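>>> Need a 3D model of the following:
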Amino acid sequence: MAPHRGSHRFSLRALAATAAVGCTLGLAAVGVSSAAAAPPNPPPSSSKSFPGSVPPWAGARTKTGIPLTNTTVEGEIYLKLPNEAAATAFATAVSTPGNPQYGQYLTAAQWKSQYAPAQAATDKVVAWIQAQGMVITGVPDSGMYVVFRGTVAEVNAAFQVAEQTYSVQGTDLIGPDRAPTVPGDIAGLVSSVSIDQGRLLTRPDNIADGADASPGGQSASAVPVATPCSHYWDEHEVTVPRTATGATSAPTVLCGYTPGQIQATYGLGNGVAMNATAGAGQTVAIIDAFAAPTMLSDANQYASLHGLPALTSTSYREILPSVYYDQALCAEPSGWQGEEALDVEAVHSTAPGANILYAGGSNCAGGLDIAMSKILDGQLANIVSNSYGYVGEAVAPDQLAGEVHQHLQAAAEGIGLYFSSGDSGDEKKALGYTSPDFPASSPFVTSVGGTSLALDQSNNYLWETAWGTTRQRILAQADGTLTYAGALPGVFQYGAGGGRSADFDQPAYQTGLVPAPLANGKRVSPDVSALADVWTGFRIGFSPITNDHSLNTGSYSEERIGGTSLSCPLTAGLMASAQAASNKRIGFANPAVYQAAAAPGAAMRDVTSPATSINLVRAYPATGLTWMATLGLDTSLTATKGYDDVTGVGSMTEAFAQQVAAQH
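Alright, predicted model coming up:
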């Protein structure tokens, strides 16, 4: 683990010293240990098992080995809400325009007293975990879950399982071989037990420039077509082999839109005179794993270069963990740094007058929950941007339900949660079946999909299409002629996530606007959308971490980035600006979003699939490759007139955000 400077501004109840945990070992070499192969004792007859707590990739699936018994793993126990039905009904009522309770939000103390587990229940679970020799690393003030760490041997003994290693999406993860059990006096308090490493695959939903550079092992050579990037749509065109439309030239990839262009796109200004006050009086929280040591200075260098107001110790604050866990499995702090810079700079671009609160997770699993609870239990913001997610809903079903408890708390307190919808389309390639990503598929969060965007030289909006990018390589023959390596449009590369949930029923707010055949009685993601395509993209700046252990950084630089990690904070900032303009608190936005979208004169942009192919060209001199991209083709997800499973009700504008606020 790597200590990190900074301190908690919102304290969790410290029940054990985190230093006692020792270094996270990740996955140790496979050891053949009979002690790890089976539970040491049969479970007491009064114990209860939790089959819904086994992730779909564990249990009966083929195992790849047995972890050493001293390997440290993280666990999380979710407690039952005393009256979950009442909590759900209240969260729905206060979020639904027209309901007599609309906008009558609770304080955090009221949520805890009315809907959260009793303090005695949480304390009992904590005491039991400690009695098993494991260490508590986080308990929120709400008491709704307990995060802990223990060795494989301790987990096996406590939960009567035999932890195994499984190959999941190319990574070896530890998980139980059967349903975990807990003693009967504890079981009645518990809704779910998480003792697997599946959540450590949580990743930022962004696509960095160069992520599509080349297949592995490609040798460098001269690029067939050089492609200077364009500052606006079609600034530069280059010669290409004949396309499906008969064209022999195509625009080059964009350099990444700037804050001024973003403001012009979404109706906050003209892109020349920057709007510096939109969002004043609001606080937008951002949650990611870990934390960049130079975020404030990087954000201010970025602001000075792009005409945004500087952030101060008042307008920018951080809540940081003192210890990091599971860095290798969570892609290291450097793997999240571009995400953090993107989130902060995108929110600052669409809500430049708002305060920003960054809450870093100690890892990419329970640490993210703890970061969320700091915001909810302290009511430190009224909008939270979350640009991360699992691959599909491939998490234990009871654990999904436990996570939704936090979403209910946020809705009850009038705090809007925004989640990116994902960057891999329908996820069939990864999972073998189609699925939206969670948490975006939760019925109590706003899922933000993605688009490709074109602006002209004067920052006028030209068009948008659904974000879905395929690519094909351009080759130069010996005689100098250009050809494609295969048929256009080529292979799907990335695109906005979405689709029908397998776990959550259709919420009332989607009835009517979401086509019945698309929903089939289930929640469909996303709800709204904004710019996500990395080929059109957004320009960010930061000082890259060069050493994850010491958190040393290099020099500030800028790059183009995309993904629904971009569309999510852009939308969160637009909603903050709308709240400031209307002096209204939107809270959980979806019921108001769908009502506003159904009303005459709705100002979102209805996004559809392109009638003809839209192509962009990008060369990578370091590898000698040139790619032709075709936009608007997103796996099985399709943008259509009205609601669709790529862009939701449509692309955001500030005018539409204010129409959502006007539903109050």
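
>>> Chain neighbours aside, what residue packs nearest to Leu531?
Spatial nearest neighbour of Leu531, chain neighbours left out: Leu453 (4.6 Å); criterion: Cβ to Cβ, 6 or more residues apart in numbering. In this view, the C-beta of every residue, glycine as well, is placed from N, C-alpha and C.

>>> for that neighbour, helix, strand, or coil?
strand (DSSP: H, G, I helix; E, B strand; the rest coil).

>>> Bridge partners for it, pull those for me.
On the basis of DSSP bridges, Leu453 is bridged to Glu464.

>>> Need the pLDDT of it.
On the pLDDT scale, Leu453 is placed at 98.

>>> count of residues packed around it?
28 (other Cβ atoms under 10 Å).

>>> And the strands in the stretch 201-350 of the chain?
Using DSSP state E, counting those that start in this stretch, the strands of the stretch 201-350 of the chain run over 203-204, 207-208, 237-239, 249-251, 283-289, 316-319.

>>> Pick the most deeply packed of the ones you listed.
Sort those by mean neighbour count, taking mean count of other Cβ atoms under 10 Å, and strand 283-289 sits at the top with a mean of 27.

>>> roughly how far is that strand from the heart of the chain?
Relative to its chain's centre, strand 283-289 lies at 11 Å (Cα atoms, centre = their mean, to the nearest Å).

>>> Tell me where the stretch 501-650 of the chain has strands.
Counting by DSSP E, counting those that start in this stretch, the strands of the stretch 501-650 of the chain are 522-525, 528-531, 538-542, 545-547, 552-553, 557-562, 614-620, 625-631.

>>> Figure out which of those is closest to Tyr494.
Closest approach to Tyr494 among those is made by strand 557-562 (8.6 Å; Cβ to Cβ).

>>> Other residues contacting that closest one?
Applying Cβ atoms under 8 Å, 6 or more residues apart in numbering, the set of residues contacting strand 557-562 from outside is 206-209, 229, 253-256, 302, 305, 338, 342, 450, 467, 531-544.

>>> From Ser362, how far off is the residue located most distally from the centre of the chain?
Most distant from the centre of the chain: Asp479, at 47.5 Å, with distances by Cα atoms, centre = their mean. Noted for Asp479: a distance of 59 Å to Ser362, by Cβ to Cβ, to the nearest Å.

>>> Am I right that Ser655 is in contact with Gly267?
Heads up, residue 655 is Ala, not Ser. Yes: Ala655 is in contact with Gly267 according to Cβ atoms under 8 Å; the separation is 5.4 Å.

>>> The contacts of strand 557-562 in helices, which ones?
Cross-referencing those against helices under DSSP state H gives Tyr302, Leu305, Gly338, Leu342.

>>> which one of those sits closest to Lys522?
Closest to Lys522 out of those is Leu342 (30.7 Å), distances taken as Cβ to Cβ.

>>> Quick check: that closest one touching Arg539?
No: if you go by Cβ under 8 Å, Leu342 and Arg539 don't touch, sitting 10.0 Å apart.

>>> More neighbours: which of the two?
Legend: neighbour count by other Cβ under 10 Å for Leu342 and Arg539, higher for Leu342 (28 against 22).

>>> pLDDT wise, what is that one at?
At Leu342, pLDDT is 98.

>>> next one: Ala394
On the pLDDT scale, Ala394 gets 88.

>>> Number the chain from 57, please
Taking 57 as the first residue, the last one we looked at is Ala450.

>>> where does it land in three-state SS?
Using three-state DSSP, the secondary structure recorded for Ala450 is coil.

>>> how about the nearest residue to it, chain neighbours excluded?
Per Cβ to Cβ, 6+ apart, closest to Ala450 is Pro112, 5.4 Å.

>>> ok, that neighbour - contacts?
The neighbourhood of Pro112, defined by Cβ under 8 Å, 6+ apart, consists of Ala450, Val451, Ala452.

>>> quick one on the thing from earlier: give me the buried entries from the ones in helices among the contacts of strand 613-618.
Tyr358, Gly394, Leu398 (16 or more other Cβ atoms under 10 Å).

>>> For the second one, give its distance to Ala141.
Taking Cβ to Cβ as the measure, Gly394 falls 41 Å from Ala141.

>>> next one: the last one
With distances taken as Cβ to Cβ, Leu398 is found 38 Å from Ala141.
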